[in-house]
Structures are given as C-alpha cells and as structure tokens.
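Peer 1: let's see this in three dimensions:
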Amino acid sequence: MEYSKIVEIVAPCGLDCARCLAYENGEIQGHSRILADLLGPTFTHHAERFAAFDPVFANYAAFREFLNFLARGTCRTCRKGQCLFQDCRVRSCVTGKGVDFCFQCGEFPCETCGLPARLEAIWRRSNELMKELGVEEYYRTIMERARYP
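Peer 2: Alright, predicted model coming up:
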C-alpha cells in the first residue's frame, strides 16, 4: 500500500485505525452490520425460545447490544476527527510539527503523548518500528498480526 493511503488509516501514534472496533469504515463494523442484518430485528424472540435448548441464548440481549455498538462504527480516525482517548496529544503535536508520525520528529521520543501507560508503550514501540522499517513495511507487519493481541 502506498504511503498516502497508510497515513489515512494508521494513526500518528502507530495504531491501526482501519482494523479498530470503533472505525466507521472498518471490517469489524462491516461484519457486525452484516451479522446484525442476518439475525434481523426480531431474533430476540427466537433467542428466548432457543435458551431452553442452550443457555447461551439467554445472553442474546447483551450480545445484541454489543453487536449494535460494533455495527455503528463511530470513529473516523483521529486524523479526521478526535482521538477516542481524550488526553491524547499526539495528533495536535504531529500537526503542529508538520509530520505524519511521531518518529519523524527530531524530539521523538518525548514525554508529551498524553496516552495511558499501556498505549504509551505501544506508541513508542510502533514509532520505533516505523523508524527502523519504514512506514510501508511497518504497515505490512501490523497487517500480519491480530489488531488486539
């Protein structure tokens, strides 16, 4: 995939937006919408009956609520909207510095990302890997692993 397309779907921090469960045009959103449509709006009644045969169907209401959430896909990526993590300062920083990713800034790594500790570690590791491999190879690498390892 070419660099300009990668910039559209990989956040400045290195997270893969395209495969995020909240991404509005992602596979998770698309598959969730298909599954919700296939089950239809009245499957709740069937699930109640099926619970007599398998107790797992008693959880259908909670499953459907989660499925509907996934099918909405409310995030457009931080480059086009707002980061889901309210304290994240990565997007505003890279925009101010005129770069696409943190590793392209002469001050990386810095202490200004504003991410929770776990995501900060991913941010550092991702940007170090992009710097080492290049953005295109980094993208190929992340496409080969689970989005939520």
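Peer 1: what about the most centrally placed residue in the chain, distance to residue 58?
Peer 2: For the chain, the residue sitting closest to the mean C-alpha position, by C-alpha atoms, centre = their mean, is residue 20 at 2.1 Å. Distance, residue 20 to residue 58, by C-beta to C-beta, to the nearest Å: 30 Å. Placement of C-beta: from N, CA and C, glycine included.
Peer 1: how about residue 48?
Peer 2: Distance, residue 48 to residue 58, by C-beta to C-beta: 8 Å.
Peer 1: likewise residue 104?
Peer 2: 52 Å.
Peer 1: if we can go back for a sec, for the residue nearest to the residue nearest to the centre of the chain when sequence neighbours are not counted, what are its contacts?
Peer 2: Using C-beta to C-beta, 6 or more residues apart in numbering and skipping the chain neighbours, the partner closest in space to residue 20 is residue 26 (6.2 Å). Contact analysis of residue 26 by C-beta atoms under 8 Å, 6 or more residues apart in numbering lists 17, 18, 19, 20, 73.
Peer 1: give me phi/psi at residue 139?
Peer 2: Phi and psi for residue 139, reported as degrees, to the nearest 10, are phi -60, psi -50.
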